[in-house]
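Participant: how does the following fold in three dimensions:
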Amino acid sequence: MTLARDAVLWAADHRWLREHLPKYRFVRRSVRRFMPGETLEDAIAAATRLRERGLPTMFTALGENVTELSDARRVVANYRDAYDRAADAGLDTEFSVKPSHLGLDLDPEAALANLEELGTKAAERDNWLWLDMESADYVDGTLDLYRKLRAGRPNVGVCLQAYLKRTADDVDSLMPLDPTIRLVKGAYREPRELVFGSREVIDEAYRRLALLILARKGPVGRLALGTHDVGLVRQIEADAEGHEGFEVHMLFGIRQADLLRLASEGYAARSLISYGTHWYPWFMRRIAEKPVENTLLALRNLVARG
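Facilitator: The predicted structure follows:
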């Protein structure tokens with residue numbers, strides 16, 4: 001299984017594949033298993049349908065590693081518009097961004113200014129801004145941005161990855177801020193020495209981190225379990241003696257019935273909707289989370305659509 005995951009992540013980073021595979025119709029059709037479409041309008045339409053079933057949402061405009069700060073400014077403008085349009089549509093939709101999409105590679109101060117602008121926009125709309133976590137090389141930079149943002153506003157969250165060996169120390173360093181954290185298992189191809197190697201060890205690290213955050217979070221901070229592993233969610237609920245202290249976030253198109261079931265049981269649940277044209281590396285990382293299962297799901301969806 002590790003070999004399959006490594007192969008998919010290798011393909012996610014392969015430049016030729018990234019440039020050419022999205023041109024094939026069968027690939028574009030299979031990605032619909034994980035996202036409703038490439039436009040903001042597609043995301044809003046999907047969120048509207050989920051709202052009718054009692055599920056709030058979170059939007060991410062796909063993209064990363066901009067090469068010009070002018071591109072980052074366009075990303076900011078698009079997110080500002082998305083905040084307004086989601087609010088005008090009456091949606092309970094939060095927003096998550098990748099720091100490299102806002103210029104972190106080029107100028108950390110410019111990226112911070114872009115995030116500050118979006119944090120202000122979120123506050124104006126009584127909303128939230130989340131920072132996605134990217135590969136291990138970005139952890140320090142992303143956490144530095146988050147600390148600076150959190151010092152001035154409560155409505156910001158950050159994603160942490162349980163498969164990184166360093167994450168327990170990162171949690172410990174963040175807790176004085178009363179942070180809001182979305183905890184995921186992790187989906188990037190990393191050097192072996194940086195990550196836990198087996199699924200069982202990663203699951204145990206995830207459980208321990210979730211309980212640590214629950215035990216220490218303050219009155220403002222939130223904990224979101226970003227996982228499709230319902231068994232693990234149930235285990236954390238049992239250990240915590242209830243589910244009132246955390247939320248469950250799942251990606252659009254994956255185990256939606258499970259998410260709806262959790263919501264009907266009183267869990268705070270949210271569906272994460274991605275949109276945009278730069279979906280290939282993101283799509284491959286989704287496949288890599290469970291290579292066999294997600295590949296079969298994508299193929300089944302492809303066949304069903306004819």
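Participant: which stretches of the stretch 101-250 of the chain form strands?
Facilitator: Along the stretch 101-250 of the chain, the segments classed as strands by DSSP state E, counting those that start in this stretch run 129-131, 156-161, 181-184, 223-226, 247-251.
Participant: save those as TSV, and put in mean pLDDT, distance to residue 44 and mean neighbour count too.
Facilitator: Heads up, the C-betas are built off the backbone N, CA and C, glycines and all. Below are the strands of the stretch 101-250 of the chain laid out as TSV (pLDDT from 0 to 100; distance: least, Cβ to Cβ, whole Å; neighbours: other Cβ atoms under 10 Å):
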stretch	mean pLDDT	distance to residue 44	mean neighbour count
strand 129-131	98	18	25
strand 156-161	98	22	24
strand 181-184	98	22	24
strand 223-226	98	22	23
strand 247-251	96	17	23
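Participant: okay if I get those as a markdown table plus distance to residue 193?
Facilitator: Converted to a markdown table, the strands of the stretch 101-250 of the chain look like this (distance: least, Cβ to Cβ, whole Å):
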| stretch | distance to residue 193 |
| --- | --- |
| strand 129-131 | 25 |
| strand 156-161 | 15 |
| strand 181-184 | 20 |
| strand 223-226 | 24 |
| strand 247-251 | 28 |
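Participant: so which residues make contact with the helix ranked longest in the chain?
Facilitator: For the chain, the helix with the greatest residue count under DSSP state H is helix 69-88. Outside helix 69-88, the residues that touch it by Cβ atoms under 8 Å, 6 or more residues apart in numbering are 40, 44, 47, 59, 61, 63, 66, 93, 95, 97, 101-103, 106-107, 110-111, 114, 117-118, 121-122, 125, 127.
Participant: out of the strands of the stretch 101-250 of the chain, the one nearest residue 89 is which?
Facilitator: Proximity to residue 89, assessed across those by Cβ to Cβ, is greatest for strand 129-131 (18.5 Å).
Participant: what packs against the closest one?
Facilitator: Judged by 3 or more Cβ pairs under 8 Å, 6 or more residues apart in numbering; DSSP states H and E, strand 129-131 is in contact with strand 93-97, helix 108-124, helix 139-152, strand 156-161.
Participant: pick the most deeply packed of the ones you listed.
Facilitator: Looking across these with neighbours counted as mean count of other Cβ atoms under 10 Å, the highest average goes to strand 156-161: a mean of 24.
Participant: what pairs with that strand, and is each one parallel or antiparallel?
Facilitator: If you go by DSSP bridges, strand 156-161 pairs up with strand 129-131 (parallel), strand 181-184 (parallel).
Participant: in TSV: those strands, plus distance to residue 169.
Facilitator: Shown next, in TSV, are those (distance: least, Cβ to Cβ, whole Å):
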stretch	distance to residue 169
strand 129-131	18
strand 181-184	14
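Participant: closest one to residue 138 among the ones you listed?
Facilitator: Of all those, it is strand 129-131 that lies closest to residue 138, at 10.0 Å by Cβ to Cβ.
Participant: roughly how far out does that closest one sit from the chain middle?
Facilitator: Centroid separation for strand 129-131 versus its chain: 9 Å, with Cα atoms, centre = their mean, to the nearest Å.
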